[in-house]
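*Asks:* the following block contains a protein sequence and its predicted model.
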Amino acid sequence: MKDRIIQLLNNEGLSASKFADIIGVQRSSMSHILSGRNNPSLDFIQKIMRSFPQISGDWLISGDGEMIKGQASASLFQEVIKEEDPAPYQSSQPPKLKKEVSEVTQNKTEQMPGIDASAFLTGKSIEKVVVFYSDKTFKEYNPA
């Protein structure tokens, strides 16, 4: 645990004495823990977790997981974003379409017999979509 406390100090850019002041323990207690003389008490760990709520308790106590809470899921989220279009829409003008809506609609409806393309071309909005599954169940989707 001493090594993880040292890693926390380095991550936060704090000296041992400043860290002791922040969590509310005596500087000598901090010195004893960092030298390996003493192990941190439950009270000491709780003070760290109250003062640094972004730190994972599992990581601090056992070394399991990431130091910062949600860091692994944030990394995964960043990977997903990298796969998406990197430039968010920020213009006040509508984006220029590569194909006209009628072309896309025509192509899609040719692939889906029984779909009335005129619903897409007249500016009508979709109220509800119902998906029927082979096990005789269904799911309704209502656009928000």
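*Replies:* Received it, and whenever you're ready, just let me know what you need.

*Asks:* what residues are up against Arg27?
*Replies:* Counting by C-beta atoms under 8 Å, 6 or more residues apart in numbering, Arg27 touches 16-17, 20-21. Any C-beta I mention is one placed from the backbone N, CA and C, and that applies to glycine too.

*Asks:* quick one: buried residues of stretch 52-59?
*Replies:* For stretch 52-59, burial by neighbour count (16 or more other C-beta atoms under 10 Å) applies to 52, 55-56, 59.

*Asks:* before we move on, what about stretch 40-53?
*Replies:* Neighbour counts using 16+ other C-beta under 10 Å place 40, 44-45, 47-49, 52 of stretch 40-53 among the buried residues.

*Asks:* mind putting these into a markdown table with secondary structure, distance to Glu127 and pLDDT?
*Replies:* Shown next, in a markdown table, are the buried residues of stretch 40-53 (DSSP: H, G, I helix; E, B strand; the rest coil; distance: C-beta to C-beta, whole Å; pLDDT from 0 to 100):
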| residue | secondary structure | distance to Glu127 | pLDDT |
| --- | --- | --- | --- |
| Pro40 | coil | 60 | 92 |
| Phe44 | helix | 59 | 93 |
| Ile45 | helix | 55 | 92 |
| Lys47 | helix | 56 | 93 |
| Ile48 | helix | 54 | 92 |
| Met49 | helix | 49 | 91 |
| Phe52 | coil | 49 | 89 |
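
*Asks:* pull out the buried positions in the one helix or strand Asp21 maps to.
*Replies:* Assigned by DSSP states H and E, Asp21 belongs to helix 16-23. For helix 16-23, burial by neighbour count (16+ other C-beta under 10 Å) applies to 19-20, 23.

*Asks:* from Phe138, how far off is Leu14?
*Replies:* From Leu14 across to Phe138, the span is 57 Å (C-beta to C-beta, to the nearest Å).

*Asks:* who has more neighbours, those two?
*Replies:* The neighbour comparison of Leu14 against Phe138 (other C-beta atoms under 10 Å) goes to Leu14, with 15 against 9.
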